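Enquirer: From the sequence below, what's the structure:
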Amino acid sequence: MTHSIRAIAAALGAQAQGDLDLAVTRAAEPATAGPDDLALAMTPAYGPALQKGSARAAIVWPEADWQALGLQAAIIAPRARLAMARLTQMMDKTHEPTGISPQALVDPTAMVAVDASIGAFCVVGAGAVIGAGTWVADQVSIARGVVIGAGCQIHAGVRLQAGVRVGDRVILQPNVVIGGDGFSFVTAEPSNVEIARETLGEAPMTAPADPTWHRIHSLGGVVIGDDVEIGAGSTVDAGTIRATRVGPGTKVDNLVQIGHNVIVGAHCLLCAQAGVAGSTVIGDRVVVGGKAGIADNLKIGDDVVLGGGSVVLSHVPAGRVMMGYPATKMQLHIESYKALRRLPRILRDLAAR
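Expert: You can find the predicted model right below:
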């Protein structure tokens, strides 16, 4: 499929110069771009690479002398990554409608929009609803009563359990599991975990008379808001009685665990290998760095940023930047780290006196 420079600029909301009718077929890095490619040279660092390729058109930085770079047309991108987002969306044709595969098993009571697509070896349970324009890849299981909105992308191997509701324009990457039971167990008598928490570890840990862990079943389901994306291999556990919720516009990276009863606000970012324990409430626009962990039953305020590897063990007020284990204010963490680095020198100085 070809796109004119004029059409691409319109899709990007950007200014274009030169031969606006020039057509390109795909995006490419400047050094390897051919004459039918659109080179992505969005910062001055990519200028020399244009000389190595043979692109006739490129997306360039605002001050670029595109004619001196040998181009016939240029699109000006003041904000490079935003241009990249819009361009890749325009050129991604991976999820074209394919209809319902004859190898799919769709319960007759399921309601599937006429323009939805369902891939091979999918199972769609009784009473499930799949909205207009939603694309379901191969080997996806959609349990009874699941509701999926319009314009979603459900990639291969996704598992949607009973009680799950998915909003519009949601993207679930391969092997996401939504609505599995939460990790919630209880013993007949107080367990060592409960005793340790209540006594801050002062009481002795002993073997209980009955160590059996009794499962607390998850009946609350999961609600995923509009425009959410969840990365490959991530999981969102069902709530115990009320639903676990992920707010609209939130983006979840690969291998993230969201526990039962958790509420994640709108437009949050949860980066790879982050974990959120049960019943924690996360505000809007919160960023959780990679490998960060949040303990259970906490409240994280709006606009909080948690640095990578942080472990949050207490409530965090709105607008705070936190780092470390246990997580503290960023400046306090930096000062503590500096002090720790200075400690060997201080000890040597003391010993020399």
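Enquirer: Quick check, W135 in contact with G99.
Expert: No: using C-beta atoms under 8 Å, W135 is not in contact with G99, being 10.6 Å away. For glycine as for every other residue, the C-beta is placed from the backbone atoms N, C-alpha and C.
Enquirer: out of those two, which sits in the more crowded spot?
Expert: W135 (21 against 12; other C-beta atoms under 10 Å).
Enquirer: Q153 versus the more buried one, what's the distance?
Expert: Distance, W135 to Q153, using C-beta to C-beta, to the nearest Å: 5 Å.
Enquirer: any shared contact partners between W135 and G99?
Expert: Common contacts of W135 and G99 (C-beta atoms under 8 Å, 6 or more residues apart in numbering): S117.
Enquirer: In contact with the nearest residue to T2 once chain neighbours are set aside, which residues?
Expert: What sits nearest to T2 in space, not counting adjacent residues and going by C-beta to C-beta, 6 or more residues apart in numbering, is A23, at 4.2 Å. Going by C-beta under 8 Å, 6+ apart, A23 touches 2-5, 36.
Enquirer: do that again at 10 Å, thanks
Expert: Contact partners of A23, counting by C-beta atoms under 10 Å, 6 or more residues apart in numbering, are 1-8, 36, 38, 56-57.
Enquirer: Could you do M90 as well?
Expert: Contacts of M90 were listed using C-beta under 10 Å, 6+ apart, and they are 3, 7-8, 10-12, 27.
Enquirer: most surrounded residue in these?
Expert: Neighbour counts for the contacts of M90, by other C-beta under 10 Å, peak at I8, which reaches 25 neighbours.
Enquirer: Now the nearest residue to that residue once chain neighbours are set aside: which helix or strand?
Expert: Spatial nearest neighbour of I8, excluding adjacent residues (C-beta to C-beta, 6+ apart): I75 at 6.2 Å. For I75, the element it lies in under DSSP states H and E is strand 73-76.
Enquirer: right, and D36 touches R56 too?
Expert: Yes: with contacts counted by C-beta atoms under 10 Å, D36 reaches R56, the gap being 8.1 Å.
Enquirer: still on that earlier bit, please report the distance of the residue nearest to T2 from I258.
Expert: 44 Å.
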